[in-house]
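A.B. asks: Please find the sequence and the predicted model below.
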Amino acid sequence: MTKTTGAPPAVSFTGAVKTYGEVRAVDGIDLRIARGETVALLGRNGAGKSTTIALLLGLVEADAGAVELFGASPERSVRSGRVGAMLQEGRAVPRVTVRELVTFVAGRYPAPLPVARALELAGIAELAGRRVDRLSGGQTQRVRFAVALAGNPSLIVLDEPTAALDVEARHAFWDSMRAYARRGHTVLFSTHHLEEADAHADRILVIDRGRIVADGSGDLLKRSAGGNLVSFDLAGRGTQGLSLLPGVRSVEVRGDRALLRTDDSDATVVALAELGAVRGLEVAPASLDDAFLALTARIPEAV
Ligand SMILES: Nc1ncnc2c1ncn2[C@@H]1O[C@H](COP(=O)(O)OP(=O)(O)OP(=O)(O)O)[C@@H](O)[C@H]1O
């Protein structure tokens, strides 16, 4: 939920750019994330999600523009304990128990969570006495979540947090994440999974080629990018003229059915009825998948 306060936002990007040689990994991002929001960063492989997160945490420096967390530089906010992160690449795993590791990390923050609470939130209370270097990939990922929570940070940043988790662990993870967000904390997570972004974020940022190409709720993205899908049996008739019907943006044929993507399904259906093309007619809302594909479609460069 968005909170309106006079305080600076949790996250602020102003014209941020990060290039690696020829690649503009982040290509001019402007972004404000209010305190208390849960935001998903959604994009294909190589879209720029991890680089955005690296800029946000001060792990890499912007070539142009500015990034601030809580009105201060990322380094300062991270150092003051306001930020916790769970990144993709694991560091060398220490030969200590889960409890020892989380206790060590918590001890470096000014106002940490009780260690038992951090373990419980990450769903690993029963692993507390186990050695960190002898855990499965999914268990290790949950330990990293506990490490990110340990300092009770105001902002938690999670880069593809559910990548190695099975279905049950995934559900448990999202329950924990939501419990953390309900306490008024700000959460930013990256994902390839549209359904996770839709289910667990207040707001979805779609990133493509280093730019934010959409910003809103899952419903808003579905409406703005996808519209509705109207389909019917062609029953031997051709598709000529269908793309000219009111509202229609595109026409696709699958088997013997025509699929019309439309911004105005009522007008499209009326026009189809006038043509007598109503056999097996169905109207369905575009899915977030459709919206995502439409937003990140590779459009050939104009020459
Ligand atoms: N250290 C680096 N050196 C050179 N190029 C890089 C580096 N890090 C990222 N890139 C490039 O920048 C672009 C964005 O990469 P980034 O890792 O931010 O994408 P991503 O959305 O996180 O991808 P994925 O979903 O695959 O993790 C890619 O083209 C990538 O190859």
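C.D. replies: Yep, it's here.
A.B. asks: and the residue in the stretch 51-200 of the chain that the ligand sits nearest to, which of the three is it?
C.D. replies: Of all residues in the stretch 51-200 of the chain, T51 sits closest to the ligand, at 3.3 Å by C-beta to the nearest ligand atom. No exception for glycine: its C-beta is placed from N, CA and C like everyone else's. Recorded secondary structure, T51: helix (DSSP: H, G, I helix; E, B strand; the rest coil).
A.B. asks: if I look at the nearest residue to it once chain neighbours are set aside, how far off is the ligand?
C.D. replies: Distances taken as C-beta to C-beta, 6 or more residues apart in numbering put A25 closest to T51, at 4.0 Å, once the chain neighbours are dropped. Distance, A25 to the ligand, by C-beta to the nearest ligand atom, to the nearest Å: 3 Å.
A.B. asks: So A25 belongs to a strand, correct?
C.D. replies: Yes: using three-state DSSP, the assignment for A25 is a strand.
A.B. asks: Could you check how far it is from A111?
C.D. replies: To A111, A25 is 34 Å away according to C-beta to C-beta, to the nearest Å.
A.B. asks: out of these two, which sits in the more crowded spot?
C.D. replies: A25 (22 against 9; other C-beta atoms under 10 Å).
A.B. asks: quick revisit: correct me, but the residue of the stretch 51-200 of the chain closest to the ligand touches T19?
C.D. replies: No: counting by C-beta atoms under 8 Å, T51 stays clear of T19, with 9.7 Å between them.
A.B. asks: Need the residues touching each of these two.
C.D. replies: Contact criterion C-beta atoms under 8 Å, 6 or more residues apart in numbering; residues shared by T51 and T19: A25.
A.B. asks: neighbour count winner among those two?
C.D. replies: T51 (24 against 15).
A.B. asks: Which parts of the stretch 51-200 of the chain are helices?
C.D. replies: 74-79, 98-106, 115-121, 137-149, 167-182, 194-200 (DSSP state H, counting those that start in this stretch).
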